[in-house]
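>>> Pasting the sequence and the predicted coordinates here, then a few questions.
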Amino acid sequence: MWESDKPSRRSMHGSVFEYGWDSTKLIQRHREIVSPSHRGQGKEVISLDWTFSHHDRGPEIYGNKKEYDYVENRTSRFQTVVTAVISNDKLIDGLDVVVQAPNVVESEREYLRMTVQDSYEQMSALQERILELLYHQKHKLEYKKRTEIALEMVQRIEEEGLFPEANYAFDNGVLTLDLTRYIENQGKHWVSELECTRHINWSGKWQRVDTIAEGLRQEHPESFRHIKVNCRNGEIKDYWVFTKQVRLKRYGRKRLAIVHETEDLSDTPRFYLTDALHWESVRILETWSYRWSSEVFHEFGKQVVGLESAQLREEEAVKRHFRLSCVAQSLIQRASVVESKCERFEFSNGKPTIGQRCRKIAREVLRSMLELSKRLFMEGKSTDELLDMLMPA
């Protein structure tokens, strides 16, 4: 059956994660395929975010670093993964997933400081030192912050022009001047969470936004208007909101929204910023509700499609794993499943479950394998030859 040596499990692993295909072209093609599902389907928003992919026992995994994890409040090993996710009221699709390279600049700088010498008697030692300095400079130039990775993602998405009506939502960890200016130059709008320590120009003075919110709550509580917001998940939530055009250093004039979730304004306010000066508070918060699609994508990716299973040592292999996870997530949510009346799925009230969707895909794969086996048996192949093809030793 095989013209040369039959493949091994290692060669099958290599064909997926190491050889012969470009993950960048894969994710580009993926965006082309999912884009029609979002155009003309109502509100669509691209959410930018990052998450941690934990690997406590894999120090050699690419991008896996040992640092303090503020989510789990402990020191652990994890990859920092930056994501771009598009969603409407029915679908959530990953547009790109990129792992942040480890930052070795500080450790290299400490090593260079500890090993410095006043002079080098041997030319070979001097050459080795120069190489160390050059590699340090190379790593320093190559390292990218999360915000830089997010900006590159947005640039790729906008250059393709597949989502012309999609605005952006992201939290303050992604908010940068370069990102907002680029989005605005594309004729689109963005909504971002704003940290409470940000200074804005208020009555001719630069003041912290939380100080301003406290003053409004105490002196002018009537300025917070009650609104109802139809969130992406269909839930209708009540908010009490104050909005105003304000000026920020470097960012210029933007619209600020100070948001409370209780009528007596006793809760801690949230602050949102947008470049869309004409947007009302309802539209700002409706757009912001789509930002949580990233959290759904992260949870689904980790629990269902193996986002945290990328135990690979090479950068390109990790990229392939993450981008294949994007494709798998989109395939699963699009799998057509008829309503089941089986007692086993009674808990879902007739709605298709993830398990049913995965089972439907598995049945299609099994059917293809059976069809292939049938054809090969008709061609006179033996059972052992077929077994070597489907499951190399």
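That came through, no problem.

>>> Could you pull out the strands in the stretch 201-350 of the chain for me?
Assigned by DSSP state E, counting those that start in this stretch, the strands in the stretch 201-350 of the chain fall at 205-208, 225-230, 236-248, 252-260, 270-274.

>>> if I look at His321, how far off is Ala335?
As defined by Cβ to Cβ, to the nearest Å, His321 lies at a distance of 21 Å from Ala335. All C-beta atoms are positioned from the backbone trio N, CA, C, and that covers glycine.

>>> Return, as residue ranges, the portions of this protein with sub-threshold pLDDT.
The model of the chain has pLDDT under 70 over residues 1-20, 338-350, 393.

>>> Helix, strand or coil: sort out the residue minimising distance to the centre of it for me.
Note on the chain: the residue nearest the mean C-alpha position is Thr83, at 1.5 Å, using Cα atoms, centre = their mean. Secondary structure, DSSP: H, G, I helix; E, B strand; the rest coil: Thr83 is strand.

>>> Give the bridge partners for it, please.
Counting by DSSP bridges, Thr83 is bridged to Asp49, Val97.

>>> what's near enough to touch it?
By Cβ atoms under 8 Å, 6 or more residues apart in numbering, the contact list for Thr83 reads 48-51, 94, 96-98, 294, 297-298.

>>> The strands of the stretch 201-350 of the chain: which one's closest to His189?
strand 270-274 (6.4 Å; Cβ to Cβ).

>>> which other helices and strands contact that closest one?
Applying 3 or more Cβ pairs under 8 Å, 6 or more residues apart in numbering; DSSP states H and E, one finds that strand 270-274 contacts strand 190-193, helix 209-219, strand 252-260, helix 281-289.

>>> Go again with 6 Å.
Other helices and strands packing on strand 270-274, by 3 or more Cβ pairs under 6 Å, 6 or more residues apart in numbering; DSSP states H and E, are strand 190-193, strand 252-260, helix 281-289.

>>> what's the offset of it from the middle of its chain?
Between the centre of strand 270-274 and the centre of its chain there are 21 Å (Cα atoms, centre = their mean, to the nearest Å).

>>> what does the longest helix belonging to the chain rub up against?
What stands out as the longest helix in the chain, according to DSSP state H, is helix 354-378. Contacts with helix 354-378, where a contact means Cβ atoms under 6 Å, 6 or more residues apart in numbering, come from 304, 332, 335, 337, 386.

>>> coming back round to it: out of the strands of the stretch 201-350 of the chain, deepest packed?
strand 270-274 (a mean of 22; mean count of other Cβ atoms under 10 Å).

>>> export that one as CSV, just CAs?
This file holds the C-alpha atoms of strand 270-274, laid out as CSV (Å, rounded to 0.1, in the frame of the first residue of the first chain):
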residue,chain,number,x,y,z
ARG,A,270,-17.7,50.8,36.1
PHE,A,271,-16.2,53.2,33.5
TYR,A,272,-16.4,52.8,29.7
LEU,A,273,-14.9,54.8,27.0
THR,A,274,-15.7,55.0,23.3
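
>>> quick one: contacts of it?
So strand 270-274 is contacted by 191-194, 209, 254-259, 284, 288 (Cβ under 6 Å, 6+ apart).

>>> Turn the contacts of helix 354-378 into TSV, including neighbour count and distance to Glu165.
Below are these laid out as TSV (neighbours: other Cβ atoms under 10 Å; distance: Cβ to Cβ, whole Å):
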residue	neighbour count	distance to Glu165
Val304	17	29
Ile332	16	25
Ala335	16	26
Val337	17	29
Leu386	16	50
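
>>> In helices only, show me the residues you listed.
For these, the ones inside helices are 332, 386, with DSSP H as the criterion.

>>> Export the contacts of helix 354-378 as CSV, with columns for distance to Glu128.
Listed next are these as CSV, based on distance: Cβ to Cβ, whole Å:
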residue, distance to Glu128
Val304, 49
Ile332, 52
Ala335, 57
Val337, 62
Leu386, 56
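
>>> Let me know the distance separating the nearest residue to Ile92 once chain neighbours are set aside from Lys228.
Closest residue to Ile92 apart from its sequence neighbours, by Cβ to Cβ, 6 or more residues apart in numbering: Ser293 at 4.8 Å. To Lys228, Ser293 is 21 Å away according to Cβ to Cβ.

>>> now do Lys254
24 Å.

>>> okay, now the domains of this structure?
Here the domain assignment for the chain is 9-103+143-334, 343-390, based on automatic domain parsing.

>>> looking at the ones you listed, which is closest to Arg109?
The minimum distance between Arg109 and the domains of the chain falls on domain 9-103+143-334, with 10.9 Å, by Cβ to Cβ.

>>> gap between the closest one and the chain center?
Relative to its parent chain, domain 9-103+143-334 has a centroid offset of 7 Å by Cα atoms, centre = their mean.

>>> most tightly surrounded among the domains of the chain?
Here the criterion is mean neighbour count by mean count of other Cβ under 10 Å, and of the domains of the chain the winner is domain 9-103+143-334, at a mean of 17.
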